[in-house]
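Engineer: Sequence first, then the predicted structure:
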Amino acid sequence: MFFYPRSNTFFRCALFLSILCAGTSSCSKDDAPAPEPEPPAQEFQITFDATTISTAQVDSAFVVFQRKGTVNQYHLRFDKVNGKLSANIDGFRAGEWTAYLHVYGSATSGTAKREYIDTLVFQQGSVPQNIIHKGPKGGIDDVWEPYVLLTKNPELVVIVPLDNTNPYFEVRATNAAKWQSFYISRSAMFRLNSGSGNELKVEGSWDCPGACFTNGNYISDKTKFLQFSEAVKTKNWNNGEVDLIATDKQGNTTEFFIPYDI
């Protein structure tokens, strides 16, 4: 039995409610609706399978996004998660987007590094969804363009496409004033299945004896190997070679010789 003064109305009401709640579950905080689980993060994914290079060959990757009608660009690095590359694209506005993709890694054979470049246009709808794109196969018969990266230190990087029908090449330096001259040669060849010979089909070269850098620490060119690339288009070839000799102003040389199959 509970005893309380008849004049204390507030106390009587509070005590009645506490007794009522003790015998029922209607006053329990546990009856509040559970919060909705947060939706999974929207991702741009690059996937790999038996027809592509393996994720073990991938060192790093990044992407540059740009929405149609805008000049802003968004640079994101990919994370390697559960056998795929993933970048978070939560918050991207609806519209047409272009993804400029770069994957860096090792070659299937040999020690030269590779860069794979692709461009993907996709629609971002009002309902977010993952964007899934297949990774590079490693050959020249792919939407991903394969390039060889010639570098022995961060001071100099030379990038040459493995597809000899592409005349493009790049030279990047941390200090252009250090370098005196460059020699780059590219060859397209045909090897018989029997392995009895490797016939040279087309060869082209760029020889710069000095003042090679005209745009800061960067050289980007599509003309020096244009005649070579046009000739390659008329030939049957299945392997190639890239040769580089870079000489600094003290006379020290950096050399590469990279043979490869396509």
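Structural biologist: Looks like it arrived, so ask away. Numbering: from 1, shown residues only.

Engineer: what's the neighbour count on Val127?
Structural biologist: Per other CB atoms under 10 Å, the neighbour tally for Val127 reads 6. C-beta here means a position set from N, CA and C on the backbone, and glycine is covered the same way.

Engineer: would it count as being in a helix?
Structural biologist: No: applying DSSP: H, G, I helix; E, B strand; the rest coil, one finds Val127 to be coil, outside a helix.

Engineer: where does it sit relative to Ser86, distance-wise?
Structural biologist: Separation of Val127 from Ser86 (CB to CB, to the nearest Å) stands at 20 Å.

Engineer: Which residues are in contact with Asp261?
Structural biologist: Arg191, Asn238, Asn239 (CB atoms under 8 Å, 6 or more residues apart in numbering).

Engineer: bridging residues for Thr98?
Structural biologist: Bridge pairing for Thr98 (DSSP bridges) gives the partners Gln66, Val121.

Engineer: Report how many residues lie close to it.
Structural biologist: Residues near Thr98, counting by other CB under 10 Å: 14.

Engineer: Test my guess that it contacts Thr119.
Structural biologist: Yes: using CB atoms under 8 Å, Thr98 is in contact with Thr119, at 6.5 Å.

Engineer: tell me the phi and psi of the nearest residue to Gly83 once chain neighbours are set aside?
Structural biologist: In this structure, Gly83 finds its nearest non-sequential neighbour in Thr55, 5.5 Å apart by CB to CB, 6 or more residues apart in numbering. Dihedral angles of Thr55 (phi, psi; degrees, to the nearest 10) stand at phi -70, psi -20.

Engineer: measure Thr55 to Tyr218 for me?
Structural biologist: In terms of CB to CB, Thr55 sits 31 Å off from Tyr218.

Engineer: Also Val127?
Structural biologist: 42 Å.

Engineer: Same question for Val160.
Structural biologist: For Val160, the distance to Tyr218 - CB to CB - is 15 Å.

Engineer: More neighbours: those two, which one.
Structural biologist: Val160 (25 against 12).

Engineer: ok, that one - contacts?
Structural biologist: Tyr147, Val148, Leu150, Phe169, Ile184, Arg186, Val242.

Engineer: now, among those residues, which is nearest to Glu230?
Structural biologist: Arg186 (12.9 Å; CB to CB).

Engineer: Which strand residues bridge that closest one?
Structural biologist: Gly204, Val242.

Engineer: Enumerate the positions of whichever strand or helix holds Tyr116 that are buried.
Structural biologist: Element membership for Tyr116, per DSSP states H and E: strand 113-124. By neighbour count with 16 or more other CB atoms under 10 Å, strand 113-124 contains the buried residues Lys113, Arg114, Glu115, Tyr116, Ile117, Asp118, Gln124.

Engineer: rewinding a little: quick one: contacts for the residue nearest to Gly83?
Structural biologist: Phe48, Lys80, Gly83, Lys84, Leu85.

Engineer: Number of residues surrounding the first one?
Structural biologist: Yep, that's Phe48 we're talking about. 18.

Engineer: Surely it is in contact with Gly135?
Structural biologist: Yes: counting by CB under 8 Å, Phe48 touches Gly135, with 4.5 Å between them.

Engineer: what's the nearest residue to Asp79 if we skip its chain neighbours?
Structural biologist: Ser86 (5.4 Å).

Engineer: How many neighbouring residues does that neighbour have?
Structural biologist: Ser86 has 18 nearby residues by other CB under 10 Å.

Engineer: Any stretches of the stretch 1-150 of the chain with poor pLDDT?
Structural biologist: For the stretch 1-150 of the chain, applying pLDDT under 70 flags the ranges 1-40, 108-111.

Engineer: Just the helices from it, written as ranges.
Structural biologist: Counting by DSSP state H, counting those that start in this stretch, the stretch 1-150 of the chain has helices at residues 9-23.

Engineer: Go ahead and confirm Ser60 touches Arg77.
Structural biologist: Yes: assessed by CB under 8 Å, Ser60 is found in contact with Arg77 at 7.2 Å.

Engineer: of all the contacts of Val160, which two lie farthest apart?
Structural biologist: So, the contacts of Val160 by CB to CB: farthest apart are Tyr147 and Ile184, at 13.3 Å.
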